[in-house]
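Undergrad: what follows is a protein structure lacking sequence information:
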């Protein structure tokens, strides 16, 4: 199958396999709504932990995040932003003990 170029070059076969698998689970649970479908689609297409990004991809992601309305949680309720004090950040990088 084909996908529009602006969607990038993800592994769409894998994406749709897992999306349809999630959809089947929700159908069995009787919890299939438009909002749940959109949440599942968003989750499956999101960046995953551990994915390495190029510097220009990081800057593009930050620029996008700066212009969209701020939402503090993903579609499944997990936080999208965290606040750190300067002291917490310094401690993480071994600057202060």
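TA: Ah, there it is. No experiment lies behind these values; they were computed from the predicted model shown.

Undergrad: this structure: helices as residue ranges?
TA: 12-29, 34-45, 55-67, 86-92 (DSSP state H).

Undergrad: of these, which is nearest residue 77?
TA: helix 34-45 (9.3 Å; CB to CB). The way it works is simple: take the backbone N, C-alpha and C, and place the C-beta from them, glycine included.

Undergrad: in the closest one, what counts as buried?
TA: Under the neighbour-count criterion of 16 or more other CB atoms under 10 Å, helix 34-45 has 36, 39, 40, 43, 44 buried.

Undergrad: among those, which two are most distant?
TA: So, the buried residues of helix 34-45 by CB to CB: farthest apart are 36 and 44, at 12.4 Å.

Undergrad: make CSV out of the helices of the chain and add mean pLDDT and distance to residue 75.
TA: Shown next, in CSV, are the helices of the chain (pLDDT from 0 to 100; distance: least, CB to CB, whole Å):
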stretch, mean pLDDT, distance to residue 75
helix 12-29, 72, 12
helix 34-45, 70, 3
helix 55-67, 86, 16
helix 86-92, 92, 28
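
Undergrad: figure out which of those is closest to residue 74.
TA: So among these, helix 34-45 is nearest, using CB to CB, at 6.8 Å.

Undergrad: got the angle between the closest one and helix 12-29?
TA: Angle of helix 34-45 versus helix 12-29, following axes from the mean of the first three to the mean of the last three CA atoms, to 10 degrees, is 150 degrees.

Undergrad: gap between helix 34-45 and the chain center?
TA: 10 Å (CA atoms, centre = their mean, to the nearest Å).

Undergrad: show me the contacts for the residue lying closest to residue 38 once chain neighbours are set aside.
TA: Nearest in space to residue 38, with sequence neighbours left out and distances taken as CB to CB, 6 or more residues apart in numbering, is residue 75 at 6.8 Å. By CB atoms under 8 Å, 6 or more residues apart in numbering, the contact set of residue 75 is 35, 38, 39, 40, 42, 43.
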